[in-house]
Every structure is written in C-alpha cells, then in structure tokens.
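**Q** Next one to model:
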Amino acid sequence: MYIRFVAAAHLKKNAILYEGFIGNVEDFCNREVEQLDVECDHPQIMAITGYFNVGVELNQVTHNGKIDVLRLPEEGYNGFMPKLLFVPGHYDALYE
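**A** Numbers count the residues shown, from 1 in each chain. Below you'll find the model as predicted:
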C-alpha cells in the first residue's frame, strides 16, 4: 500500500507530465493507483521509477514468440534496473 501512495503522490505532484496520457490525475489516482484490487500499469511504473530515481527493464513476449525489451529511462542510466515481465493485466519480477 505504501508504494501505491508513493506513486499517487508522485503522479499528483507532477500532474502536468501525466495529464495528456491519463487525463485527470486526481481521478486516475483514486480509481487506478490507490485501489487494492487494480493492477499496476505504465503510469504507475513511471511514477515509481521517477520517485525512487531507479530504472526498470520491461519485457514482453510478442505474438510471434520474440521478447520486446523497453528500458526506462531509455538513455543515460547506469544504476539499479530491476527486470519485469509484462503479462496482460500485471507485471511479474524476473530474477537471474
């Protein structure tokens, strides 16, 4: 729950960065971030990585069996970068 509130606070504090993508940030946080039964999505991932100043590697298996990799931030980051697997509806942590 703590991370949900951190993500919501970061989204609200930086609302101008997210409004074009998610609409009304306050409503989005009430509906999508602060609710326990709602899975995390891209805006929440961006908020968490922005708040904690960490990167993240998102992996997704495509329809043809290949793996698409997206690293956030895309350039200039050499710090800690956990790996997540996107499965429709949620993210799973990947361990080496």
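**Q** switch to C-alpha atoms for all contacts and neighbour counts from now on
**A** OK.
**Q** The residue of the chain most remote from its centre in helix, strand or coil?
**A** Distance from the C-alpha centroid of the chain, by C-alpha atoms, centre = their mean, peaks at residue 64 (24.6 Å). Here residue 64 is coil, with the state taken from DSSP: H, G, I helix; E, B strand; the rest coil.
**Q** For it, give its distance to residue 94.
**A** As judged by C-alpha to C-alpha, to the nearest Å, residue 64 and residue 94 stand 21 Å apart.
**Q** ok, now residue 13?
**A** According to C-alpha to C-alpha, residue 13 and residue 94 sit 30 Å apart.
**Q** Distance check, the residue lying closest to residue 73 once chain neighbours are set aside against residue 62.
**A** The shortest distance from residue 73 to any non-neighbouring residue, by C-alpha to C-alpha, 6 or more residues apart in numbering, is to residue 55 (5.9 Å). For residue 55, the distance to residue 62 equals 22 Å [C-alpha to C-alpha].
**Q** hang on, isn't residue 92 packed against residue 82?
**A** No - the pair residue 92 and residue 82 does not pass the contact test of C-alpha atoms under 8 Å, sitting 10.8 Å apart.
**Q** For the worst-scoring helix or strand of the chain on mean pLDDT, which strands pair with it and how are they oriented?
**A** None of the helices or strands of the chain scores lower by mean pLDDT, DSSP states H and E than strand 90-94, at a mean of 87. Strand pairing for strand 90-94, determined by DSSP bridges: strand 83-87 (antiparallel).
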